[in-house]
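[1] model this:
(2 chains)
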Amino acid sequence: MNVNTLTIDTTRALVESREISARAMAEAHYAQIESRDAEIGSFLTLTKERAFAQAERIDALAEKGDPLPPLAGVPVGFKDVLMTRGVRTTAGSRFLEKFVAPYDATAVEKLEAVGAVCLGKLNCDEFAMGSSNENSAFHPVHNPRDVTRVPGGSSGGSAAAVAAGFAVATLGSDTGGSIRQPAAFCGVVGLMPTYGRVSRYGLIAFASSLDHVGPLTRTVKDSATLLEVIAGRDSHDSTSADVPVSKYSAECGREVKRLRIGVPKEYFGEGLDPEIREAIERRIDGLRKLGCEIVSVSLPHTEYAIPVYYIVATAEASANLARFDGVRYTTRSPQTKTLADMYRKSRDEGFGAEVKRRIMLGTYALSAGYYDAYYLKAQQVRTLLTRDFQSAFTSVDAIVTPVTPTVAFKLGEKSGDPMSMYLSDIYTVTGNLVGVPGISLPCGKNSEGLPIGIQILGKHFDEATVIRLGHAMEQDQQ
Amino acid sequence: MKVTEKDVAYVADLANLELTPDESTRMVSDLNSILGHIDKLNELDTSNVEPLAEVVSAFASTERHGSERFAFAQRADEVKPGLSREAALSNAPDTDGTCFKVPKVIER
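    Prediction:
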């Protein structure tokens, strides 16, 4: 058994046939973590007690010959912005370094209910703010493909864990690209479902209109399988959609002939690494050979997406992070004399630099005198971006783009200049602003052997087409 | 629009952040750099464009109107189980077993 190549199907088959017990499966993954995570840094907390208790439950069923649930024995990890009852949940922040979650996130509960084994909590940029996992208050994550490089962010730990054989699948969150970009940098699959497809209950909120919970896996089929489990209306999340959950994994292997693929010219301009462009074009050519119709489309407001994102996301974050104040669940600054003093010092000491920068930007954008110029303007441009997509989707079924303008950069390379880091989100933020589903899957390596990702964006609630195309593209590369 | 030290102090006040002098200085240049880029939005004429605040509108009912479109997110006003007091207090830095304890509101 090679922990680096296990999928949900092969893992479950081994456990069901009792060739390997769920307990031994968990132990093998912990051994892998012990041997390599010191140089990667993907886990913040290991949950051995919880993992072994679940594994034992699965093994007891297997022993009796009872039917096993869909994810029986599958070792998973959860980004540390997802609440796990009784387990420390930090959001990558010192402010929450002792916080023990009193309940499970819905996505966590759903996965464990069908047999998934939670190995631990995964490192991330603090409060999901970042594109490199260098903003974790604890330690950065290193890319398993080249440890001098970033894994991407903010779900850096989630992507690295799958790439390094520490977990078969993980959950991350995506607000501006935080599942798709690390998936691309680490050479794994990352799926961002439609806004509202998966409940956000138990996800520590960054930007409530932009946050999506989603899987990171080795194969497109595995992402589809996880999506089937975690998707669905949840009464705890008023923004979760009342839309039926399809059997997404059944899309894998379906024909893609005659599907119309949009290639937006604005995503292939200056700033895109030529080796990435070439890899993407090769895959588009592959789709053409499979019978897809390739259509040139325009998303004219693309260049405005970053400014819109950095106003909307930071404005929403400034509101969401107001709850962290030293009173109920965070650390508290010692020796403060008044309540106001306590709020201000606790927050300044508890939050890292990037978080404070974004809170300040968001507060500024919402403040009297600036609200119209910034926040309202950004929301209007968000409407224009949405119209771009609606218009494109009248003539195509899906849109194919790069995920990142470059391959994984070196640790420290962009951390001095916030704007440079923000601009690298150019291909992913529009997906969140418009709320459409998107997948990032590997499509080759550059001349240095670093992974390149390709993105497929679909219509709202059309994960089926995204998965169908993703699978076809994946198979086309075998 | 250029951000000054005074603006940073005002916004930090609104955000309940007590920035150190070093942090304040850095914040002035960081905010100016980012806002400089954001000014790009002024190139667009949005005079007749409705603001989009949330994406949920995309799947709210198209047959109904106003708040009825979001009826799927409502439930009857009945008491349901919630977090216990013990659980709610369990992560607090200081409590008296019933309430959260904080420093006094006003310094006399």
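[2] middle-most residue in the chain, spatially?
    Defaulting to chain A. The centre of chain A sits closest to residue A:179, judged by CA atoms, centre = their mean, with a distance of 2.3 Å.
[3] Switch to chain B, please.
    residue B:15 (9.5 Å).
[4] Can you give me the distance of that one to residue A:452?
    39 Å (CB to CB, to the nearest Å). (Glycine included, C-beta is placed from N, CA and C.)
[5] what are the ranges of the strands in the stretch 301-450 of chain A?
    For the stretch 301-450 of chain A, the strands defined by DSSP state E, counting those that start in this stretch cover A:398-402, A:438-445.
[6] counting contacts, what elements does the first one pack onto?
    By that I understand strand A:398-402. Applying 3 or more CB pairs under 8 Å, 6 or more residues apart in numbering or on different chains; DSSP states H and E, we find strand A:398-402 packed against strand A:260-264, helix A:274-289, strand A:451-458, helix A:463-476.
[7] Please save the CA atoms from that strand in PDB.
    The C-alpha coordinates for strand A:398-402 follow below in PDB (Å, rounded to 0.1, in the frame of the first residue of the first chain):
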ATOM      1  CA  ALA A 398     -18.000  25.900 -19.100                       C
ATOM      2  CA  ILE A 399     -15.000  28.200 -19.100                       C
ATOM      3  CA  VAL A 400     -11.400  27.000 -19.000                       C
ATOM      4  CA  THR A 401      -8.600  29.200 -17.600                       C
ATOM      5  CA  PRO A 402      -5.300  29.100 -15.800                       C
END
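[8] In which helix or strand does residue A:31 reside?
    helix A:22-40 (DSSP states H and E).
[9] which helices and strands sit right next to that helix?
    The contact analysis (3+ CB pairs under 8 Å, 6+ apart) places helix A:22-40 against helix A:8-16, strand A:43-46, helix A:48-64, strand A:75-79, strand A:117-122.
[10] one more time with 7 Å, if that's ok
    With contacts defined as 3 or more CB pairs under 7 Å, 6 or more residues apart in numbering or on different chains; DSSP states H and E, the packing partners of helix A:22-40 are helix A:8-16, helix A:48-64, strand A:75-79, strand A:117-122.
[11] Next, format those as TSV and append mean pLDDT.
    Formatted as TSV, the helices and strands packed on helix A:22-40 follow (pLDDT from 0 to 100):
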stretch	mean pLDDT
helix A:8-16	97
helix A:48-64	97
strand A:75-79	98
strand A:117-122	98
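[12] Tell me which of the ones you listed sits nearest to residue A:136.
    Closest to residue A:136 of the helices and strands packed on helix A:22-40 is strand A:117-122 (CB to CB; 10.2 Å).
[13] and the closest one, what other elements does it pack with?
    helix A:22-40, strand A:43-46, helix A:48-64, strand A:75-79, helix A:156-163.
[14] okay, the helices and strands packed on strand A:398-402, which one's buried deepest?
    Most buried of the helices and strands packed on strand A:398-402, by mean neighbour count (mean count of other CB atoms under 10 Å in any protein chain shown): strand A:451-458, with a mean of 26.
[15] and it with strand A:260-264, angle?
    Here strand A:451-458 runs at an angle of 120 degrees relative to strand A:260-264 (axes from the mean of the first three to the mean of the last three CA atoms, to 10 degrees).
[16] contact partners of strand A:451-458?
    Defining contact as CB atoms under 7 Å, 6 or more residues apart in numbering or on different chains, one finds that strand A:451-458 is touched by A:145, A:180, A:183-187, A:276, A:279-280, A:283, A:398-404, A:407, A:427, A:431, A:436-446, A:465-466, A:469-470.
[17] what angle do that strand and helix A:274-289 make?
    Using the same axes, to 10 degrees, strand A:451-458 lies at 50 degrees relative to helix A:274-289.
[18] got the contact list for stretch A:358-369?
    Taking CB under 7 Å, 6+ apart as the rule, stretch A:358-369 contacts A:129, A:310-311, A:314-315, A:317-318, A:321, A:370, A:374-375, B:11-12, B:14-15, B:17, B:27, B:31, B:34.
[19] CA atoms only: put it into CSV for me.
    What follows is stretch A:358-369, C-alpha atoms only, in CSV (Å, rounded to 0.1, in the frame of the first residue of the first chain):
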residue,chain,number,x,y,z
ARG,A,358,-7.3,43.7,5.9
ILE,A,359,-9.5,44.8,8.9
MET,A,360,-8.1,48.3,8.5
LEU,A,361,-8.8,48.4,4.7
GLY,A,362,-12.3,47.0,5.2
THR,A,363,-13.1,49.4,8.0
TYR,A,364,-11.9,52.3,5.9
ALA,A,365,-13.9,51.2,2.9
LEU,A,366,-17.1,51.1,5.0
SER,A,367,-16.5,54.3,7.0
ALA,A,368,-18.7,57.4,6.6
GLY,A,369,-17.6,59.4,3.6
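[20] chain center to it, what's the gap?
    Its chain's C-alpha centre and that of stretch A:358-369 lie 26 Å apart, by CA atoms, centre = their mean, to the nearest Å.
[21] Report the buried residues of that stretch.
    For stretch A:358-369, the neighbour count (16 or more other CB atoms under 10 Å in any protein chain shown) marks A:358-367 as buried.
[22] That one - what's its average pLDDT?
    Mean pLDDT, computed over stretch A:358-369, is 94.
[23] Could you do stretch A:295-302 as well?
    Rounded mean pLDDT across stretch A:295-302 is 98.
[24] what about it, how long is it end to end?
    End-to-end distance for stretch A:295-302: 18 Å, by CA to CA, to the nearest Å.
[25] for that stretch, which positions count as buried?
    For stretch A:295-302, a neighbour-count test (16+ other CB under 10 Å) marks A:297, A:299, A:301-302 as buried.
[26] close to chain B, is stretch A:269-278?
    No. Contact of stretch A:269-278 with chain B (CB under 7 Å from any CB of the partner chain) is absent, the minimum separation being 14.3 Å.
[27] From residue B:48, how far out is the residue lying farthest from the centre of chain A?
    Taking CA atoms, centre = their mean as the measure, the residue most remote from the mean C-alpha position of chain A is residue A:337, 41.0 Å away. Residue A:337 sits 53 Å away from residue B:48, going by CB to CB.
[28] name the helices or strands packed onto the lengthiest helix in chain B?
    Counting by DSSP state H, the longest helix found in chain B is helix B:21-38. Applying 3+ CB pairs under 7 Å, 6+ apart, one finds that helix B:21-38 contacts helix A:305-320, helix A:353-366, helix A:418-423, helix B:5-14.
[29] Just put these in a markdown table and tack on distance to residue A:37.
    Formatted as a markdown table, the helices and strands packed on helix B:21-38 follow (distance: least, CB to CB, whole Å):
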| stretch | distance to residue A:37 |
| --- | --- |
| helix A:305-320 | 29 |
| helix A:353-366 | 24 |
| helix A:418-423 | 25 |
| helix B:5-14 | 38 |
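[30] Which one of those has the poorest average confidence?
    Mean pLDDT per stretch puts helix A:418-423 lowest among these, at a mean of 84.
[31] The worst-scoring helix or strand of chain A on mean pLDDT and chain B in contact?
    Averaged element by element with mean pLDDT, DSSP states H and E, chain A has its least confident helix or strand at helix A:418-423 (a mean of 84). Yes. Using CB under 7 Å from any CB, helix A:418-423 reaches chain B at A:418-419.
[32] The helices and strands packed on helix B:21-38: which one's closest to residue B:65?
    Here helix A:305-320 is closest among the helices and strands packed on helix B:21-38 (CB to CB), at 26.1 Å.
[33] so, in contact with chain B or not, the closest one?
    Yes. Using CB under 7 Å from any CB, helix A:305-320 reaches chain B at A:307, A:310-311, A:318.
[34] Most neighbours out of those, which is it?
    residue A:311 (28 neighbours; other CB atoms under 10 Å in any protein chain shown).
[35] Show me the contact partners of the helix or strand just after the longest helix of chain B.
    Using DSSP H and E, the helix or strand that directly follows helix B:21-38 along the chain is helix B:85-89. Residues outside helix B:85-89 that contact it (CB under 7 Å, 6+ apart) are A:102, B:95.
[36] Fine, thanks again, bye for now.
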